[in-house]
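1. Predicted model, plus sequence, below.
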Amino acid sequence: MDYYLIKHLHVTAVSLSITLFLIRAYWSITGSSLLQARIVRILPHVVDTVLLVCGVILAAMIGPNQPWILTKIVLLLVYIGVGTIAIKRGKTRRTRAIAALVSVAVFAYIVGVAIHHDSASWFA
C-alpha cells in the first residue's frame, strides 16, 4: 500500500471526524432533534472506522518503536470517553458544553502529537 495515500485518507477522516463531532456536540448542547437523524448516528462511526483502520495501517508501516503512537492511542481513548459525555451522557447542557471543550482540546493535542511525532505535542 502507498503510505501517502493512506496518510491522506487518514487526515481526511480526521478532518471529517472533528467536523462531525463539533456539529453533533452543538446539537447536543442546544437540544436539537437533528442529533437523532439516522445519518447523524451512522456516518460518524463510518468515518471513525476509516480513521482507525488507516491509523493502524500507518502505525504498522512506521514500525513499533514510536512512543508517540502510544500517546495518540491513550489520548484517543480519553477523547472518546469525554466525547460521549459531550454528546450523549452529559446530564446538563453545561456538562455537555464543558466536555465538548475538553474533547476539542484533547483532539488538538493529538493533532500536535501527530504533526511533531512527539508526545509533548505542541510543546515539543
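-> It's in.
2. Tell me both backbone torsions, phi and psi, for Ala120.
-> As for Ala120, its main-chain torsions (degrees, to the nearest 10) stand at phi -80, psi -10.
3. Also Asp2?
-> Taking degrees, to the nearest 10 as the convention, Asp2 sits at phi -80, psi 120.
4. So that it lines up with my notes, have the first residue be 56 from now on.
-> Will do, 56 is the new start, and the previous item becomes Asp57.
5. what about it, distance to Lys143?
-> 37 Å (C-beta to C-beta, to the nearest Å). C-beta here means a position set from N, CA and C on the backbone, and glycine is covered the same way.
6. Looking at the two, which one has more neighbours?
-> Set Asp57 next to Lys143 and count neighbours by other C-beta atoms under 10 Å: Lys143 wins out with 11 against 8.
7. got a pLDDT number for the more buried one?
-> Note on Lys143: pLDDT of 95.
8. helices or strands up against the helix or strand Ala114 falls within?
-> Using DSSP states H and E, Ala114 sits in helix 93-117. The contact analysis (3 or more C-beta pairs under 8 Å, 6 or more residues apart in numbering; DSSP states H and E) places helix 93-117 against helix 58-85, helix 122-139.
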